[in-house]
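Novice: Sharing a model that was predicted from the sequence below.
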Amino acid sequence: MKQLGKLLPLTAIIFLLTGCGELNLTALDPQGPVAQMQLSLIKLSLYIMIIVIVVVFAIFAYVLWRYREKPGDTHIPKQVEGSKTLEIIWTTIPVLLLIVLAVPNVMDTFTLANVEADENSITVKVTAHQFWWEFEYPDHNVIAGQDMYIPTDTKIIVQLEASDVMHSFWVPALAGKQDNVPGITNEMWLEAEHPGVYKGKCTELCGEGHWLMDFRVIAVEPDKFDKWATNMGEPEQEPATQLAETGREVFQASCIACHAVGGVGGNPVAGGPDLTNFGEREVIAGFLEFNDENLEKWLRYPAETKPGNTMPAFNHLDDSEMEALIEYMKGLKVLD
Ligand code: HEC
Ligand SMILES: [Cu+2]
């Protein structure tokens with residue numbers, strides 16, 4: 001039992017370090033060709049290191065044992081200086097190992113750096129803001145917030161930019177990481193083999209809310225992606241209920257200046273995420289479980305909920321306005 005008590009925190013630490021339990025937040029279970037290539041390079045270097053360590057330590061142990069001082073030894077052993085054979089062996093082996101490492105590394109580096117478009121690739125411009133993500137699809141004329149929808153089995157060319165400070169785009173299950181730097185466009189590519197939700201994080205300390213600057217890559221079948229992109233570009237639908245209609249009025253009065261819906265509104269400098277498909281998010285602001293209670297908490301106390309973000313507090317809304325607003329927000333959908 002005592003042993004178990006010691007093991008549990010250790011297991012917890014291992015889980016934390018490997019990111020287990022966090023929606024695919026691991027490079028060890030690749031879900032696309034880029035992550036696959038990266039994992040093979042990691043494995044190749046790891047195996048070579050293991051072989052080197054095992055062989056070196058085995059020789060070390062053998063030599064310690066074989067040439068130890070034995071009872072009855074009277075004089076020091078014959079003194080030698082240098083051995084051509086040994087020198088050649090221990091120069092050649094590392095050179096060969098470095099070649100074995102270098103060839104796939106160089107080849108994969110070129111493949112990974114190839115951000116040329118192919119006939120069905122699509123481009124997504126990813127702009128990082130303190131502390132949220134914007135995804136622009138120039139070929140489809142669509143802007144989305146927080147959730148990056150992509151079609152499966154399609155090369156996605158990712159153009160990374162930042163509006164304020166440096167951030168870093170990281171979706172370990174699909175690709176490595178690359179920095180978003182203000183004034184510079186960095187490019188990379190990724191591809192998802194299967195439909196699924198792959199978690200992403202900002203991995204460049206960018207301010208108070210950095211640790212909550214999460215996003216999701218949502219890979220869907222190409223047909224579904226086309227539907228998504230088409231509907232994202234359509235004007236907003238009439239709200240389904242009277243309550244939602246009332247909520248829409250609140251939204252038009254208080255929120256539209258910063259948040260676009262159906263291509264209307266928003267503010268490229270001081271605004272927040274596009275909310276056209278907000279009702280389809282699994283989390284609010286990248287991290288809060290999506291439910292009425294949390295949405296109300298977010299709208300009333302955004303600064304307390306995600307430190308450092310610039311969304312103003314709407315604690316002055318009365319309960320009926322809040323209820324209507326939440327109803328409206330939940331109805332913002334493009335996929336059903
Ligand atoms: C001054 C600009 C501004 C106004 C006005 C504003 N917001 Fe925001 N909002 C933001 C910013 C910036 C964020 C991103 C915060 C973050 O995650 O760092 C945000 C985030 C959000 C989110 C989370 C979005 C997501 O994709 O998960 C919701 C929901 C939201 N706002 C709703 C509203 C509603 C409803 C109103 C009106 C009552 C409103 N906002 C008014 C700037 C604004
Ligand atoms: Cu960041």
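Specialist: On my side now, so go ahead. Ligands and ions are numbered 1, 2, ... in the order given.

Novice: Pull up the residues of the protein that are close to ligand 1.
Specialist: Within the chain, the residues that sit near ligand 1 (C-beta under 6 Å from any ligand atom) are 131-132, 145-146, 209, 251, 254-255, 257-259, 270-273, 278, 281, 284-286, 298-299, 306, 309-312, 314, 325. For every residue, glycine as well, the C-beta is placed using N, CA and C.

Novice: Would you show me how to pick out the buried ones of these in PyMOL?
Specialist: Remark: buried members of the residues of the chain next to ligand 1, expressed as a PyMOL selection using 16 or more other C-beta atoms under 10 Å:
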select buried, resi 131+132+145+146+209+251+254+255+258+259+271+272+273+278+281+284+285+286+298+299+306+309+311+314+325
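
Novice: Next, the buried residues of stretch 108-128.
Specialist: Burial within stretch 108-128, assessed by neighbour count using 16+ other C-beta under 10 Å, is assigned to Asp108, Leu112, Ile122, Thr123, Val124, Lys125, Val126, Thr127, Ala128.

Novice: would you put the C-alpha positions of that stretch in CSV?
Specialist: C-alpha atoms of stretch 108-128 as CSV (Å, rounded to 0.1, in the frame of the first residue of the first chain):
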residue,chain,number,x,y,z
ASP,A,108,12.8,14.5,-44.3
THR,A,109,13.9,18.1,-43.7
PHE,A,110,13.4,18.8,-47.4
THR,A,111,10.0,17.0,-47.5
LEU,A,112,8.9,19.0,-44.4
ALA,A,113,10.1,22.3,-45.8
ASN,A,114,8.2,21.7,-49.1
VAL,A,115,5.2,24.0,-48.8
GLU,A,116,4.4,24.0,-52.5
ALA,A,117,0.7,23.7,-53.2
ASP,A,118,-0.5,20.6,-55.0
GLU,A,119,-3.7,20.2,-57.0
ASN,A,120,-6.0,19.7,-54.0
SER,A,121,-4.0,21.3,-51.2
ILE,A,122,-5.5,24.2,-49.3
THR,A,123,-4.0,27.2,-47.5
VAL,A,124,-4.9,28.3,-44.0
LYS,A,125,-3.5,31.6,-42.7
VAL,A,126,-3.1,31.2,-39.0
THR,A,127,-2.9,34.5,-37.0
ALA,A,128,-2.1,34.3,-33.3
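
Novice: That one near ligand 2 at all?
Specialist: No: using C-beta under 5 Å from the ion, stretch 108-128 stays clear of ligand 2, coming no nearer than 5.5 Å.

Novice: Identify the bridge partners of Tyr149.
Specialist: Under DSSP bridges, the beta-bridge partners of Tyr149 are Ile218.

Novice: I'd say it and Ile218 touch.
Specialist: Yes: counting by C-beta atoms under 8 Å, Tyr149 does reach Ile218; the two are 5.0 Å apart.

Novice: any idea where the helices of the stretch 51-200 of the chain begin and end?
Specialist: 84-113 (DSSP state H, counting those that start in this stretch).

Novice: What segments of it are strands?
Specialist: 122-129, 132-137, 142-145, 147-151, 156-162, 167-170, 177-180, 186-190, 196-202 (DSSP state E, counting those that start in this stretch).

Novice: Check which helices and strands the first one is in contact with.
Specialist: In terms of contacts (3 or more C-beta pairs under 8 Å, 6 or more residues apart in numbering; DSSP states H and E), strand 122-129 is packed against strand 132-137, strand 147-151, strand 156-162, strand 167-170, strand 177-180.

Novice: Next, format those as a markdown table and append distance to Met213 and mean pLDDT.
Specialist: Output for those, formatted as a markdown table (distance: least, C-beta to C-beta, whole Å; pLDDT from 0 to 100):
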| stretch | distance to Met213 | mean pLDDT |
| --- | --- | --- |
| strand 132-137 | 7 | 98 |
| strand 147-151 | 14 | 98 |
| strand 156-162 | 12 | 98 |
| strand 167-170 | 7 | 98 |
| strand 177-180 | 11 | 96 |
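
Novice: Ligand 2: which of those strands is closest?
Specialist: Between ligand 2 and those, the shortest gap by C-beta to the ion is with strand 167-170, which sits at 3.4 Å.

Novice: List, one by one, the residues from the chain near ligand 2.
Specialist: Proximity of the chain to ligand 2 (C-beta under 5 Å from the ion) is limited to residues His167, Cys202, Cys206, Met213.

Novice: Next one: the third one from Ile93, what distance?
Specialist: When distances are taken as C-beta to C-beta, to the nearest Å, Cys206 and Ile93 turn out to be 44 Å apart.

Novice: burial count for the closest residue to Ile48 other than its chain neighbours?
Specialist: Sequence neighbours aside, Leu97 is the residue nearest to Ile48 in space, at 5.6 Å (criterion: C-beta to C-beta, 6 or more residues apart in numbering). The number of residues packed near Leu97 is 15, by other C-beta atoms under 10 Å.

Novice: Pull the contacting residues for Val100.
Specialist: Leu44, Ile48 (C-beta atoms under 8 Å, 6 or more residues apart in numbering).

Novice: and which of the buried residues of stretch 108-128 is nearest ligand 2?
Specialist: Closest approach to ligand 2 among these (C-beta to the ion): Ala128, at 5.5 Å.

Novice: do you know how far Pro302 is from ligand 2?
Specialist: Per C-beta to the ion, to the nearest Å, Pro302 is found 17 Å from ligand 2.

Novice: Sweet, I'm off.
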